[in-house]
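Student: Below are the sequence and a predicted model for it; my questions follow.
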Amino acid sequence: MKKVLFSFILSCVALVAVAQTEELPRSTPEQQGVPSKALIELFDSLHAMPGTDIHSMIVMRHGKVVGEFYPAPFGPEYQHTQYSSSKTLVSMAVGIVIDENRLRLEDRVANFFIDYLPDTVSVRLADMTVRDLLTMTSGIKPDWAMRSRGTEWIRTFLSKPVINEPGEVFAYDSMVTYMLSAIVQKVTGKKTLDYLQEKLFTPMNITKVNWEESPEGVNTGGWGLHIQSESLAKVGQMWLQQGEWEGQQLISKEWILQMSAKQANGGDYGYGFQTWQCAYPTAVRADGALGQYVIVVPEKDVVIVLTEASFTNGKPQRGLIWNKFLPALSDEPLPPSADYDLLVKKQSSYQLEIPAGKMSSPSAVKKIAGKKIVIPENRYGWSEVTFTQDKDVVSMVITKRDGTSYTQPLGYKVWCTETIEGLPPYSINPVDWHVGLEGPFYASGCYGWEKRKLNINLHYVNWVSSLYMEWDFSKSEDGKVTWTVSNNYLKNKVESFDCTIE
């Protein structure tokens with residue numbers, strides 16, 4: 001156990017050394033007019049929300065971090081995939097290109113891709129503009145499977161029938177944002193990430209960031225940003241400050257205001273340029289699948305970053321912020337509160353659910369220790385596993401169908417983290433989605449024995465995915481094992497596999 005914990009600590013130290021953490025100024029909540037009690041209630045409510053695993057939350061007021069929590073095994077050093085929150089960063093890139101007079105909102109999309117156009121160009125396709133892409137009003141019916149089928153995404157998008165007049169009908173579509181990313185690359189000669197690193201990320205000292213790429217060598221734009229939570233908080237604060245960061249105007253105020261304003265009738269309250277309007281006055285947000293948020297509230301001088309894996313539609317989380325947290329804030333500093341000590345203690349004590357069960361099951365371990373368990377074909381690409389136990393650590397050796405293998409340590413009531421071989425599970429399956437991501441990826445595991453059943457929770461801590469497993473060894477004498485597994489991105493869809501012991 002000491003050896004595993006020592007490895008775990010070393011891996012965390014290595015990560016922290018390259019992470020942009022603890023760079024934003026910190027403050028006690030009360031100094032910024034935030035009751036510690038309000039933060040405790042917010043964090044407790046989110047952490048207890050059904051169907052939701054919180055991975056990180058940062059709350060800023062008046063430019064300072066006043067509260068943050070990362071339920072174990074997650075931590076500030078880990079990057080997290082952002083899904084559609086990525087779209088807002090594409091909008092920022094477009095805005096900078098426009099600020100440089102290299103692009104206009106009314107530029108025609110077709111003009112950037114002459115070599116990709118169909119033989120017959122409809123009037124509607126010819127009329128489609130950059131503005132129409134930004135507002136999700138391209139006129140093209142979304143095809144969410146397109147990114148998983150072929151490799152010529154630009155040509156395929158432009159070949160789609162434009163069924164509505166561009167600019168008239170809102171239809172949310174990640175491929176529209178991909179086209180914006182392709183336009184940024186066409187105009188600047190740089191991938192969107194490279195362009196943002198030069199114009200935005202480097203001035204803000206954001207270096208730990210990656211972005212998935214398409215088979216065409218274009219950052220995916222509508223999804224695929226992989227970044228740390230504190231870096232997102234920096235982006236949110238710059239957004240709140242209308243494009244200014246430490247005395248530099250990185251994006252024009254004019255673009256930030258346009259980007260953040262209602263430009264189309266999307267969602268409940270309106271859609272801007274790749275941003276969402278909110279129920280709370282002046283609030284605007286970047287919003288990604290499974291609950292990835294950067295929320296900016298100018299009226300309250302607040303920035304909130306939230307990463308999670310949630311089956312809710314996000315309204316319960318946002319409702320807590322709009323109806324409970326923000327109304328509790330004061331325009332003036334508050335006197336010191338005893339609640340602050342409780343907040344500090346709580347922030348470091350949250351952890352995700354650990355598996356039920358005891359530390360050991362001697363009879364089960366004796367039957368299966370070191371034996372190869374062969375698994376039928378499955379979505380995770382696992383072909384076989386072996387288990388061994390040494391005191392309060394279970395080692396699970398995972399062999400994948402491509403022949404690679406790695407050892408995943410599992411702690412009893414403590415999370416053990418190790419690098420994995422290859423890629424974590426993903427809720428979407430774009431062609432070559434791993435291109436652009438550096439890795440390595442990490443998984444953190446915990447176990448518990450219930451008689452002859454081994455329960456395992458496994459979180460891919462610098463991604464988004466989690467697996468919840470039960471290995472039933474009650475029929476191991478007959479050479480049979482049942483593997484039941486669910487994940488946190490398909491609404492806990494449960495799958496069972498009849499495995500054999502060899």
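Tutor: Nice, thanks for sending it over. Residues are numbered from 1 along each chain as shown.

Student: Hmm, Thr500 and Trp483 touching each other?
Tutor: No. The criterion here is Cβ atoms under 8 Å, and Trp483 misses it with Thr500 at 10.9 Å. Any C-beta I mention is one placed from the backbone N, CA and C, and that applies to glycine too.

Student: okay, these two: which has more neighbours?
Tutor: Trp483 (20 against 14; other Cβ atoms under 10 Å).

Student: The more buried one: what secondary structure?
Tutor: strand (DSSP: H, G, I helix; E, B strand; the rest coil).

Student: got a list of what it touches?
Tutor: Contact analysis of Trp483 by Cβ atoms under 8 Å, 6 or more residues apart in numbering lists Ile373, Ile375, Met469, Glu470, Trp471, Asp472, Ser496, Phe497, Cys499.

Student: Pro327: how many residues sit nearby?
Tutor: Quick note: Pro327 (other Cβ under 10 Å) scores 10 neighbours.

Student: I'd like the distance from it to Ala38, if you could.
Tutor: 9 Å (Cβ to Cβ, to the nearest Å).

Student: ok so, going back, next step: the contacts of Trp483 restricted to strands.
Tutor: Ile373, Met469, Glu470, Trp471, Asp472, Ser496, Phe497, Cys499 (DSSP state E).

Student: Pull out the buried residues from these.
Tutor: Among those, those scoring as buried are Ile373, Met469, Glu470, Trp471, Asp472, Cys499 (criterion: 16 or more other Cβ atoms under 10 Å).

Student: contacting residues for the nearest residue to the third one once chain neighbours are set aside?
Tutor: Taking Cβ to Cβ, 6 or more residues apart in numbering as the measure, Glu470 lies nearest to Thr484, with 4.5 Å between them; neighbours along the chain are not counted. The neighbours of Thr484, taking Cβ under 8 Å, 6+ apart as the test, are Met469, Glu470, Asp472, Val494, Glu495, Ser496, Phe497.

Student: Any idea what the closest residue to the last one other than its chain neighbours is bridged to?
Tutor: Leaving aside its chain neighbours, Phe497 sits nearest to Trp483 (4.6 Å; criterion: Cβ to Cβ, 6+ apart). Beta bridges link Trp483 to Trp471, Phe497 when assigned by DSSP bridges.

Student: Low-confidence ranges, the stretch 251-400 of the chain, go.
Tutor: Residues of the stretch 251-400 of the chain meeting the criterion pLDDT under 70: none.

Student: run the last query once more with 90
Tutor: In the predicted model, the stretch 251-400 of the chain carries pLDDT under 90 at residues 362-368.

Student: Strands along that one, start to end?
Tutor: With strands called from DSSP state E, counting those that start in this stretch, the stretch 251-400 of the chain shows them at 276-277, 284-288, 292-297, 302-310, 373-374, 382-390, 393-400.

Student: Export these as CSV, with columns for distance to Ser465.
Tutor: Output for these, formatted as CSV (distance: least, Cβ to Cβ, whole Å):
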stretch, distance to Ser465
strand 276-277, 25
strand 284-288, 14
strand 292-297, 13
strand 302-310, 8
strand 373-374, 22
strand 382-390, 14
strand 393-400, 14
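
Student: Need the per-residue pLDDT for the residue nearest to Phe497.
Tutor: You'll see Trp483 listed with a pLDDT of 98.

Student: Nearest spatial neighbour of Ser231, chain-adjacent residues omitted?
Tutor: Ile206 (4.5 Å).

Student: Now do that neighbour against Val235, distance only.
Tutor: On the measure of Cβ to Cβ, Ile206 and Val235 end up 8 Å apart.

Student: care to break the protein down by domain?
Tutor: 84-222, 362-501 (automatic domain parsing).

Student: Compute the first-to-last residue distance for the first one.
Tutor: Going back to what we said before, that points to domain 84-222. End-to-end span of domain 84-222 (Cα to Cα, to the nearest Å): 6 Å.

Student: Same question for the last one.
Tutor: Distance between the two ends of domain 362-501: 18 Å, counting by Cα to Cα.

Student: returning to that earlier point: quick check on Ile206 and Val235: which one has the bigger neighbour count.
Tutor: Val235 (26 against 20).

Student: How about the contacts made by the closest residue to Thr52 other than its chain neighbours?
Tutor: Excluding its sequence neighbours, the residue lying closest to Thr52 (Cβ to Cβ, 6+ apart) is Ser310, at 4.0 Å. With contact taken as Cβ under 8 Å, 6+ apart, Ser310 is in contact with Met49, Gly51, Thr52, Asp53, Leu290, Gly291, Gln317.

Student: measure Ser310 to Leu423 for me?
Tutor: For Ser310 relative to Leu423 (Cβ to Cβ), the value is 22 Å.

Student: How about Trp153?
Tutor: Trp153 is 20 Å from Leu423, by Cβ to Cβ.

Student: quick one: Ile183 is in a helix?
Tutor: Yes. With three-state DSSP as the criterion, Ile183 is part of a helix.

Student: Excluding covalently adjacent residues, which one is nearest to it?
Tutor: Per Cβ to Cβ, 6+ apart, closest to Ile183 is Phe112, 5.3 Å.

Student: likewise Tyr280?
Tutor: Trp322 (4.3 Å).
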